[in-house]
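Engineer: Predicted structure and sequence below. I'll ask about it afterward.
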Amino acid sequence: MRLQIYRNPFRIEDWRNREAVLVSRIAGRREPGSAGKVSRRIGEAMGTDRRDFLRKISRASALAAAASVLERNRCVALSQSSHSIGMPTTPALEYLRAQFPVLGERVNDHPLVYLDSAATTQRPRAVIDALANFYLHDNANPGKSLHTLARRSSALYEKARGTVARFLNARGPEEVVWTRGTTEALNLVASSWGGANLHAGDEIVLTVSEHYSALVPWQIAARRANARVRILDVEDDGRLRLDQLDTLLSERTKLVAFPHVSNVLGLINPVKEICDRAHRAGALVVVDGAQSIPHFSVDVQQLGCDFFAFSAHKMLGPMGTGVLWARREILEGMPPYQAGSNMAHDVDLESKSTHFAEGAWKFEAGTPNVPGPVGLAAAIEFLESLGRKDLWNREQELTRHALSAFREVKGLRILGPTEPDNRISVFSFVLEKSDALDLVKALDAMGFALRGGDLASHPLLKRMGLTEAVRASCYAYTTAEEVDLLVAALQRERRGHS
């Protein structure tokens, strides 16, 4: 049976066609021309107030409402006509995919099948519009008491900080530090907290499953302080050896760092349990949340960690924007990471008189990346409008479907457990007789976007007897049909090598 992805039967060539597509979908139709009177009325509105139309049509609330109507009116008919290859593409998912312009692209004359979301997700129109609107209407270096645009910029910047604080269930916005991403957030902790608190003979506990951005900063910090790095191993299937943890913890342990979810295996680690055990030993805990927060809700107070870092671009937001959350009392005891305007006040030639900002603001020197947080706030609102629990339930279904489908490919080895429990839809694998990068290149020629190589986690791959692997990573917009197409392509590659 030939597998196909449902896609729009037309190309979106310009903004007007793109808006007509949304109108036709809201009206429950397939073609832009069939929207009839609704389309003409919206067209007139576009001519009179384009900016207002763009804001309204891209709002996530409209997405949720339209998806609900489509579900009620068309789900039965779709389920009756769907193939037996797996989960059908529901009208809600169909509409969701329409919010991501890049998903309509063609690569090497094939429809794009984007399976690289663990590296970076695609951006919905709501986020793109938020970024564009900032530059079109509010762009200025922020200042609470300066000119109008500066005040607008400042208000948007701090409103976004409040959105993130609520999203994480932080105690307040003063615990949210803006960074360029997870990498800078972890480097900030290693340089600032590590520089002030690590001494000769101290110990840091890391895991063999760390991403380079979580491993190398602590190696450097330990070297500077003449401290020792100790490594928590994993089982053969990639699960953390928690039975080793208590033997690694000692009175010399100052910090424990680990990923909430492995970027290679997609396994969810038991953060609360590890935090409790580390705290009993007197150590602080740093959690790399880059792969977890895009997929399910995170409550930093409930987790019990001391630092939590994540990136906007892995959860529909812009690149170059990230967050470090830390408990306020810890931030107050840390020295500045960088110095400059905005974090320094009452500066005189006598350095002793310089006053530093408090809380999160102490770590934000220089002109801020205002549109980054604005875009992240839009991404958070978009995700929340979809229902995070609903998205997680659907992802679990997709994970089960994918793991079952991969078993049909002879010579393919999935890294980590092949059961769907306690993991996200990230699948790293090797195919017998195939080089990882060659396989990625061959799949790219067919329109597939995957990642391959050491995946910035060579120690973990080495632990599994490998030096490289291919990774297919899904997200909210991924369909079961796309997974089936990948499986079919892998089977063809396998037969070709055989």
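Structural biologist: Nice, I can see it.

Engineer: from here on, contacts and neighbour counts on C-alpha atoms
Structural biologist: Will do.

Engineer: Neighbours of residue 342, how many?
Structural biologist: A count of nearby residues for residue 342, using other Cα atoms under 10 Å, gives 18.

Engineer: could you measure the residue nearest to it when sequence neighbours are not counted against residue 341, distance?
Structural biologist: Once flanking residues are discounted, residue 342 sits nearest to residue 365: 5.7 Å by Cα to Cα, 6 or more residues apart in numbering. In this structure, residue 365 and residue 341 are 6 Å apart, going by Cα to Cα, to the nearest Å.

Engineer: Looking at the two, which has the bigger crowd around it?
Structural biologist: residue 365 (17 against 12).

Engineer: Contacts only, for the more buried one.
Structural biologist: Contacts here follow Cα atoms under 8 Å, 6 or more residues apart in numbering; on that basis residue 365 touches 338, 339, 340, 341, 342, 343, 344.

Engineer: close enough to count as contact, the last one and residue 356?
Structural biologist: Yes: using Cα atoms under 8 Å, residue 344 is in contact with residue 356, at 4.6 Å.

Engineer: overlap in contacts of the two?
Structural biologist: The overlap between the contact sets of residue 344 and residue 356 (Cα under 8 Å, 6+ apart) consists of residue 362.

Engineer: Can you get me a residue count around the closest residue to residue 213 other than its chain neighbours?
Structural biologist: Taking Cα to Cα, 6+ apart as the measure, residue 213 lies nearest to residue 183, with 5.1 Å between them; neighbours along the chain are not counted. Around residue 183 there are 22 other residues, counting by other Cα under 10 Å.

Engineer: Show me what secondary structure element comes after the least confident helix or strand in the chain by mean pLDDT.
Structural biologist: One helix or strand of the chain scores below all others by mean pLDDT, DSSP states H and E: helix 60-81, with a mean of 36. With elements assigned by DSSP states H and E, the helix or strand that comes after helix 60-81 is helix 91-98.

Engineer: The residue most central in space within the chain and residue 119, how far apart?
Structural biologist: Here the mean C-alpha position of the chain is nearest to the C-alpha of residue 314 (Cα atoms, centre = their mean), at a distance of 2.2 Å. Counting by Cα to Cα, the separation of residue 314 from residue 119 is 7 Å.

Engineer: What of residue 496?
Structural biologist: Residue 496 sits at a distance of 29 Å from residue 119 (criterion: Cα to Cα).

Engineer: neighbour count winner among the two?
Structural biologist: Using other Cα under 10 Å, the more surrounded residue of residue 496 and residue 119 is residue 119, with 17 against 8.

Engineer: name the element the more buried one belongs to?
Structural biologist: Residue 119 is part of no helix or strand, with elements assigned from DSSP H and E.

Engineer: re the thing from before, surely the residue nearest to residue 213 touches residue 214?
Structural biologist: Yes: under the criterion of Cα under 8 Å, residue 183 lies in contact with residue 214, with a separation of 7.2 Å.

Engineer: Could you check how far residue 178 is from residue 163?
Structural biologist: The spacing between residue 178 and residue 163, counted by Cα to Cα, is 12 Å.

Engineer: quick one: which of the two has more around it?
Structural biologist: The neighbour count for residue 178 versus residue 163, taken as other Cα under 10 Å, is higher for residue 178 (25 against 19).

Engineer: Next up, phi/psi of the more buried one, please.
Structural biologist: With angles defined as degrees, to the nearest 10, residue 178 shows backbone torsions of phi -80, psi 130.

Engineer: I'd say it and residue 367 touch.
Structural biologist: No: using Cα under 8 Å as the test, residue 178 is too far from residue 367 to be in contact (11.8 Å).

Engineer: Just the strands from the stretch 351-498 of the chain, written as ranges.
Structural biologist: Ranges of strands in the stretch 351-498 of the chain, per DSSP state E, counting those that start in this stretch, are 355-356, 412-414, 426-431, 448-449, 451-453, 469-473.

Engineer: Could I get the contacting residues of the residue nearest to the centre of the chain?
Structural biologist: 117, 118, 119, 120, 121, 290, 291, 294.

Engineer: Could you double-check that the first one sits in contact with residue 475?
Structural biologist: Yes: with contact defined as Cα under 8 Å, residue 117 and residue 475 form a contacting pair (6.2 Å).

Engineer: who touches the nearest residue to residue 193 once chain neighbours are set aside in this structure?
Structural biologist: Residue nearest to residue 193 in three dimensions, not counting chain neighbours: residue 334, with 5.5 Å by Cα to Cα, 6+ apart. Neighbour list for residue 334: 192, 193, 196 [criterion: Cα under 8 Å, 6+ apart].

Engineer: hmm, which of those residues are the buried ones?
Structural biologist: Buried members of the contacts of residue 334, scored by 16 or more other Cα atoms under 10 Å, are 192, 193.

Engineer: would you list the contacts of residue 334 in TSV and tack on secondary structure, pLDDT and distance to residue 150?
Structural biologist: As requested, those are exported to TSV (DSSP: H, G, I helix; E, B strand; the rest coil; pLDDT from 0 to 100; distance: Cα to Cα, whole Å):
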residue	secondary structure	pLDDT	distance to residue 150
192	helix	97	30
193	helix	98	32
196	helix	97	35
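
Engineer: Count the neighbours of residue 235 for me.
Structural biologist: In terms of burial, residue 235 registers 12 neighbours under the definition other Cα under 10 Å.

Engineer: so who does it touch?
Structural biologist: Remark: with contacts taken as Cα under 8 Å, 6+ apart, residue 235 is in contact with residue 241.

Engineer: pLDDT below threshold where in the stretch 251-400 of the chain?
Structural biologist: In the prediction, the stretch 251-400 of the chain carries residues with pLDDT under 70 at positions 343, 351, 353.
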